[in-house]
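Engineer: Coordinates for the following, if possible.
(2 chains)
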There are 2 protein chains.
Amino acid sequence: MSTSTTRATQILADPDVPLVRIVREFDAPPEKVFRAHVDPELVVQWLGPRAVTMQVEHFDARTGGSYRYVHTSGGEQYAFHGSFHEVRSPGVDVAGVIVQTFTFEGVPDGVALERLQLEDLGGGRTRLTGTSLVDSFADRDAMLASGMETGIHEGYERLDELLAG
Amino acid sequence: MSTSTTRATQILADPDVPLVRIVREFDAPPEKVFRAHVDPELVVQWLGPRAVTMQVEHFDARTGGSYRYVHTSGGEQYAFHGSFHEVRSPGVDVAGVIVQTFTFEGVPDGVALERLQLEDLGGGRTRLTGTSLVDSFADRDAMLASGMETGIHEGYERLDELLAG
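Structural biologist: The predicted structure is shown next:
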């Protein structure tokens, strides 16, 4: 196990609204973490659990763009798509922000509104705060029970490795 | 007052999640109501209160598209933008669906996830159900208090007139 696995990812179910909040710190500056989220050649190297192969159909991470990708694992395919409401690069004293929609096509009428914020902690470090909002607590809790946590933990370990490379 | 103003628009604050639900019936088939939501030359004729002039910057109502428009009223300008997560035409036994994001640029970090569904009631009539989801009850209640209701009531009266024309 690499030392990167010791970094804590907080995954919290909000008590008041059907939202999941994720907080994670990275040993890389915001611009580098941002690039790993918007450049599809980088995204495919870390998004999702290790067992997954990711194929991007399109990934146009700009305000008004959209994406679709397919994860393959154990012969099964899982497709995801959404649109980018807003994509804002981090700058001096300005957090990077990505607001997007997200649908797992296995539940085609389900849709989450996701917000990612990248804050500069100084010293070449970044705090990522992600939220995922859905319209019912039942759907939120099903999302948490679906293996989402494994994908997030392993994905961020892979992102640590990519950022260190 | 025209007879169209007697049609009831229900605007309901959900008790459990920070969502507003709107229900309204129209004397036109789903395909026609759908077209009035996706064709910008029709949208500008009804969206918003009567006192408003609407200018479309772009309005690409397809899955993965985006929009931006400006309402002008009393010399003030109010801009709105978002992305289209999914746009699905109504068909035989299939509801029309538009899922989009929505930001009023006066509150640039606020964003709503909106879902519109158009169901065929038979006899050339349609039931519209719209939901607007945000991430806090305070923001949802501020949205309801902002004059949203006037815009919706008058907008749907204008849409009645457009559909009848």
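Engineer: Could you name the helices and strands sitting against the helix or strand that contains A:Thr72?
Structural biologist: According to DSSP states H and E, A:Thr72 maps onto strand A:66-73. Helices and strands touching strand A:66-73, by 3 or more C-beta pairs under 8 Å, 6 or more residues apart in numbering or on different chains; DSSP states H and E, are strand A:53-59, strand A:76-88. Where C-beta positions appear, they are placed from N, C-alpha and C, glycine not excepted.
Engineer: for A:Ala79, which residues make a bridge with it?
Structural biologist: A:Val70 (DSSP bridges).
Engineer: Could you look up the SS state of A:Glu154?
Structural biologist: helix (DSSP: H, G, I helix; E, B strand; the rest coil).
Engineer: Go through stretch A:108-119 and flag the buried ones.
Structural biologist: Judged by neighbour count using 16 or more other C-beta atoms under 10 Å in any protein chain shown, the buried positions of stretch A:108-119 are A:Gly110, A:Val111, A:Ala112, A:Leu113, A:Glu114, A:Arg115, A:Leu116, A:Gln117, A:Leu118, A:Glu119.
Engineer: Can you confirm whether that stretch lies near chain B?
Structural biologist: Yes - legend: contact between stretch A:108-119 and chain B by C-beta under 8 Å from any C-beta of the partner chain is shown at A:Val111, A:Leu113, A:Arg115.
Engineer: What strand or helix carries the last one?
Structural biologist: What it means is A:Arg115. strand A:112-122.
Engineer: which element follows that strand toward the C-terminus?
Structural biologist: Heading C-terminal from strand A:112-122, the first helix or strand you meet, by DSSP H and E, is strand A:125-133.
Engineer: Show me what from chain A comes close to chain B.
Structural biologist: A:16-19, A:63-66, A:81-86, A:99, A:101, A:103, A:111, A:113, A:115, A:131, A:133, A:135-137.
Engineer: ok, now which ones touch A:Thr101?
Structural biologist: A:Gly82, A:Ser83, A:His85, A:Val111, A:Ala112, A:Leu113, A:Glu114, B:Ser83, B:His85, B:Val99, B:Thr101, B:Leu113 (C-beta atoms under 8 Å, 6 or more residues apart in numbering or on different chains).
Engineer: which residue sits closest to the second one, ignoring its sequence neighbours?
Structural biologist: So the one you mean is A:Ser83. Nearest non-adjacent residue to A:Ser83, counting by C-beta to C-beta, 6 or more residues apart in numbering or on different chains: B:Ser83, 3.7 Å away.
Engineer: And A:Val20, how far from chain B?
Structural biologist: Distance, A:Val20 to chain B, using C-beta to the nearest C-beta, to the nearest Å: 11 Å.
Engineer: did I read that right, that residue in a strand?
Structural biologist: Yes - using three-state DSSP, the assignment for A:Val20 is a strand.
Engineer: per-residue pLDDT, the residue lying closest to it once chain neighbours are set aside?
Structural biologist: Distances taken as C-beta to C-beta, 6+ apart place A:Ser132 nearest to A:Val20, at 4.7 Å, with adjacent residues excluded. On pLDDT, A:Ser132 comes in at 97.
Engineer: What is the neighbour count of A:Ser132?
Structural biologist: Using other C-beta atoms under 10 Å in any protein chain shown, A:Ser132 has 19 other residues around it.
Engineer: Okay, and the beta partners of it?
Structural biologist: Beta-bridge partners, per DSSP bridges, of A:Ser132: A:Val20, A:Glu114.
Engineer: Surely it and A:Leu19 touch.
Structural biologist: Yes - between A:Ser132 and A:Leu19 a contact is recorded at 6.6 Å, counting by C-beta atoms under 8 Å.
Engineer: May I see the contacts of A:Thr101 organised as TSV, with pLDDT and distance to B:Gly75 added?
Structural biologist: Listed next are the contacts of A:Thr101 as TSV, based on pLDDT from 0 to 100; distance: C-beta to C-beta, whole Å:
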residue	pLDDT	distance to B:Gly75
A:Gly82	98	38
A:Ser83	98	33
A:His85	98	29
A:Val111	98	37
A:Ala112	98	39
A:Leu113	98	33
A:Glu114	98	37
B:Ser83	98	29
B:His85	98	34
B:Val99	98	34
B:Thr101	98	28
B:Leu113	98	32
